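Student: attaching a predicted model along with its sequence, questions to come.
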Amino acid sequence: MPELPEVERTRLSLVGPVVGRTVVGVRFGPHDVVTGSRKPAALLKGQKVAAIERRGKEMAVLGSDGAAAGTAVAVHLGMTGSLRYHKPGVKLPKGDRHLHVVWELDCGGCMVFRDPRRFGGLWTFPDAAELRRQRWEHLAPDALVITPAELHRKLAATRRGLKVALLDQRVVAGLGNIYVDELLYLCGLHPETAGDVVAAATVQTMVKRMRKLLQRSIAAGGSSFRDYVDGSGQKGSFQHLHQVYGRAGEPCCRCRGELAWLLLGGRMTVFCPVCQPGG
DNA sequence: ACGATACCCTGATGGC
DNA sequence: TGCCATCAGGGTATCG
């Protein structure tokens, strides 16, 4: 469930306590969630954390080895993943089978990757350039960065419905089920509207509203449903501002009509048939 | 190129 | 109280 706003909150909350720290040890849980080298050095042992970046729903923890470039770890939170910093002295629960990787830092604190459902994972690369090339090359521009012209070009190239197209990370990176439904509602667009019939001017409005939506959610700490928390354990509150997601059968905020739902691309899709006509 | 479907996995939920 | 069935969903893979 972590989408762009939740991943960005996680990143922001980790930058302070983790960037600049040196990784003095790496411990692994019982499940292997690492693709690529599992050597401690590949997971930044002995290196300083130089930066934590984000593209779409994906984070990258970049190491630096003195003057030399360090290794790089891509982190995807999947559905239930979290990346958290724990202060020195905080005891991790014993026997937690969902703790997958613990990075011990020179401050005495640690960073922990936990993911019960294991839809997320870690990918190690020799350096940041390799990570970007191998892992991020196929991703579209980030939803906060993409220009209307770029999005229009991608949508014009597909006949798929907007719901399915916007969930595709090769079209725009960072949107998931929640924010796509919210965005289409804000734009008054039916989720089955074919991508290639959307006018450039409409896409321009869409990009504006998308940025506003995502930035508002980031400001509210993201959306917490069951258990999403950021890197410091903080919950978000944007779920209280959702207008359609999770509200099928309830009244539309605008017209008071009943919100409908459809299964599109295997995803529960909630929309207002009156305010989002067509399809 | 697209839609449909299955898979990965576990916690939460609801019925009995 | 407990046991089962069901469901959710991001990404990937496969089939038609």
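Tutor: That came in fine, so what should we check first?
Student: list the contacts of A:Thr80.
Tutor: With contact taken as Cβ atoms under 8 Å, 6 or more residues apart in numbering, A:Thr80 is in contact with A:Met1, A:Asp115, A:Pro116, A:Arg117, A:Phe119, A:Gly120, A:Asp227. Heads up, the C-betas are built off the backbone N, CA and C, glycines and all.
Student: what's around A:Arg27, how many residues?
Tutor: By the measure other Cβ atoms under 10 Å, the count of residues near A:Arg27 is 15.
Student: surely it is in a strand?
Tutor: Yes - under DSSP: H, G, I helix; E, B strand; the rest coil, A:Arg27 falls within a strand.
Student: now the residue nearest to it when sequence neighbours are not counted: how far from DNA strand B?
Tutor: Spatial nearest neighbour of A:Arg27, chain neighbours left out: A:Val102 (4.4 Å); criterion: Cβ to Cβ, 6 or more residues apart in numbering. A:Val102 sits 18 Å away from DNA strand B, going by Cβ to the nearest atom of the strand, to the nearest Å.
Student: quick check: A:Val102 touching A:Cys110?
Tutor: Yes - taking Cβ atoms under 8 Å as the definition, A:Val102 is a contact partner of A:Cys110 at 5.4 Å.
Student: what parts of the stretch 151-279 of chain A come near DNA strand C?
Tutor: Within the stretch 151-279 of chain A, the positions near DNA strand C by Cβ under 7 Å from any atom of the strand are A:Leu167, A:Gln169, A:Gly176, A:Asn177, A:Ile178, A:Gly266, A:Arg267, A:Met268.
Student: by average pLDDT, which secondary structure element in chain A comes out worst?
Tutor: strand A:260-264 (a mean of 89; mean pLDDT, DSSP states H and E).
Student: quick one on the thing from earlier: now, the residues of the stretch 151-279 of chain A next to DNA strand C that are in strands?
Tutor: Under the assignment DSSP state E, those contribute A:Arg267, A:Met268 to strands.
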